[in-house]
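**Q** Whatever this is, show me its structure:
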Amino acid sequence: MNRRILILSIPLLLFLGASVFLYKGLFSDPTKLESVLIDQPIPEFTLQDLHDLDKEHSKDIFTGRPMLLNVWATWCPTCYAEHEYLNELKAKEGIHIIGMNYKDERDKALRWLTNLGNPYAIDLYDPRGMLGLDLGVYGAPETFLIDSKGVIRYRHVGDVNEQVWTQTLRPIFEQME
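**A** This is a model prediction of the structure:
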């Protein structure tokens with residue numbers, strides 16, 4: 001009899017364990033993904049420029065001033081939603097933004113920037129997502145705040161909009177200046 005009760009209680013215990021796990025997930029913030037790279041330098045990389053196939057960039061582009069690294073793609077509807085605000089950040093506040101086109105087609109990305117404006121000082125092209133993998137990118141958009149020494153100070157998952165900039169990113173950015 002005891003063995004039968006034990007066998008019947010295993011599915012119940014598994015169900016309760018899964019329920020607790022899922023219930024906890026209901027109250028987590030998906031935009032707050034921990035990154036082991038916070039307070040670490042940008043990883044070594046070599047990527048082509050989106051516009052110039054003969055030009056390559058390395059981690060050296062991330063030094064000299066605080067900046068944003070914005071990971072985006074044309075297949076990403078949220079990237080489309082944030083793009084206008086990134087153009088405003090560049091035009092109105094002079095924020096230095098490096099864009100990384102992630103797992104995308106070059107022609108589509110170039111058309112996107114031509115049609116919607118280009119808020120990026122440098123356009124990296126990461127078609128296979130290798131730098132994205134090194135950065136721990138889950139998808140697009142993601143934005144990293146990088147200090148003048150090329151050290152990652154913050155990671156934001158999701159779109160950058162006025163509220164996110166004002167309440168979260170700007171205070172950190174101003175501390176880096």
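**Q** Could you list the low-pLDDT ranges of the protein?
**A** Scanning the chain for pLDDT under 70 picks out 1-35.
**Q** Just give the closest residue to residue 165, not the sequence neighbours.
**A** residue 89 (6.8 Å; Cβ to Cβ, 6 or more residues apart in numbering). Quick note: C-beta positions are derived from backbone N, CA and C, even for glycine.
**Q** What of residue 95?
**A** Per Cβ to Cβ, 6+ apart, closest to residue 95 is residue 89, 4.4 Å.
**Q** Surely that neighbour is in contact with residue 83?
**A** No: taking contacts as Cβ atoms under 8 Å, residue 89 lies outside contact range of residue 83: 10.7 Å.
**Q** Mind listing the shared neighbours of these two?
**A** residue 119 (Cβ atoms under 8 Å, 6 or more residues apart in numbering).
**Q** How many neighbouring residues does residue 137 have?
**A** 22 (other Cβ atoms under 10 Å).
**Q** Secondary structure of it: a helix, I assume?
**A** No: remark: residue 137 does not belong to a helix; assigned using DSSP: H, G, I helix; E, B strand; the rest coil, it is coil.
**Q** tell me the contacts of the residue positioned nearest the centre of the chain?
**A** In the chain, the centroid-proximal residue (Cα atoms, centre = their mean) is residue 142; its distance is 1.7 Å. Contact partners of residue 142, counting by Cβ under 8 Å, 6+ apart, are 70-71, 135, 155-158.
**Q** okay, now residue 39: neighbour count?
**A** 11.
**Q** OK, contacts around it?
**A** Going by Cβ under 8 Å, 6+ apart, residue 39 touches 151-153.
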